[in-house]
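K.L.:
give me the fold of what follows.
(one chain, ligands or ions: 2)
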Amino acid sequence: MKLTELFSGQWPGTILFDLDGTLVDSAPDLAVATDTMLQALGKASAGEAQVRTWVGNGAAVLVRRALAGRHDYEDDGQHDETVFERAMALFLEAYHSVNGHHATLFEGIETFLQAAHSQGCKLGVVTNKPAAFTDDLLERMGLAHWFDITVSGDTLPVKKPAPEPLFHALDALGGCREDALMVGDSITDISAAKNAGLPVVAVRYGYNHGGPVDGLGAEIVVDSLTELL
Ligand SMILES: O=C(O)COP(=O)(O)O
Ligand SMILES: [Mg+2]
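P.N.:
Ligands and ions are numbered 1, 2, ... in the order given. Presented below is the predicted three-dimensional model:
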């Protein structure tokens, strides 16, 4: 389906993009940082394939999943906040030194952003990544110039799937809900868009906790954003 079919033949006035797993394949850097942290704590490395499935709910949840060695860390019954705080500090330090080093842009991103920009769309990023990393990563990937607002996981007291980060970005861009689209790779983005009343395009190439994004309620699901053009 072409994007214009969702908006009565027009392009949406505003497009909000998820970052990790949608614009940028940041999992290689996140895996290095996670494994550096695990090794410093004397634990076994998780590896990139596993870390990929833990990304999408912010850095603290990634660290908690890594410590538990599983996605549903709440059920492991052994939270030690001292270990968590040490792990978090180690992870943040390690990620600061590798952020953007091994990350790559997904196929079709530049083409799609160029097309959206030339159609006059207002463009923003709404990520659950901590702000300390978001703008650096966008700069390193050569993407920063496309976006007039970035809302990170710690910009507001709540993060996706809450709708507030999307509303915050829309307000900053002067966009309206009726004319806006969310693009993301995970159930978190689809839920945030639903909670905000926005249609959503889901990409199949991202992380989504290791599961498929088809059938989760996105209006359009694509293998590449260029399919929307
Ligand atoms: O969990 C993260 O830090 C990544 O978040 P994003 O997929 O919302 O960009
Ligand atoms: Mg994502």
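K.L.:
for this structure, what lies in contact range of ligand 2?
P.N.:
18, 20-21, 56, 185-186 (CB under 5 Å from the ion). Where C-beta positions appear, they are placed from N, C-alpha and C, glycine not excepted.
K.L.:
just among those, which is most surrounded?
P.N.:
Most neighbours among the residues of the chain next to ligand 2, by other CB atoms under 10 Å: residue 18, with 30 neighbours.
K.L.:
pretty sure that residue sits against residue 183.
P.N.:
Yes: under the criterion of CB atoms under 8 Å, residue 18 makes contact with residue 183 at 6.6 Å.
K.L.:
what's the overlap in contacts for those two?
P.N.:
residue 189 (CB atoms under 8 Å, 6 or more residues apart in numbering).
K.L.:
what is the burial count for residue 189?
P.N.:
Residue 189 - counted by other CB under 10 Å - has 33 other residues nearby.
K.L.:
got the buried residues for the host helix or strand of it?
P.N.:
For residue 189, the host element (DSSP states H and E) is helix 187-196. For helix 187-196, burial by neighbour count (16 or more other CB atoms under 10 Å) applies to 187-194, 196.
K.L.:
got the confidence number for the residue of the chain most remote from its centre?
P.N.:
Distance from the centre of the chain peaks at residue 42, with 29.1 Å (CA atoms, centre = their mean). If you check residue 42, the pLDDT there is 97.
K.L.:
assign it to helix, strand or coil.
P.N.:
Three-state assignment for residue 42 (DSSP: H, G, I helix; E, B strand; the rest coil): coil.
K.L.:
residue ranges with poor pLDDT in this structure?
P.N.:
Under the criterion pLDDT under 70, the flagged ranges of the chain are 76-78.
K.L.:
how's it carved up into domains?
P.N.:
3-26+103-228, 27-98 (automatic domain parsing).
K.L.:
any idea which of those domains is most buried?
P.N.:
domain 3-26+103-228 (a mean of 19; mean count of other CB atoms under 10 Å).
K.L.:
check whether that domain contacts ligand 1.
P.N.:
Yes: counting by CB under 6 Å from any ligand atom, ligand 1 is contacted by domain 3-26+103-228 at 18-21, 127-129, 153.
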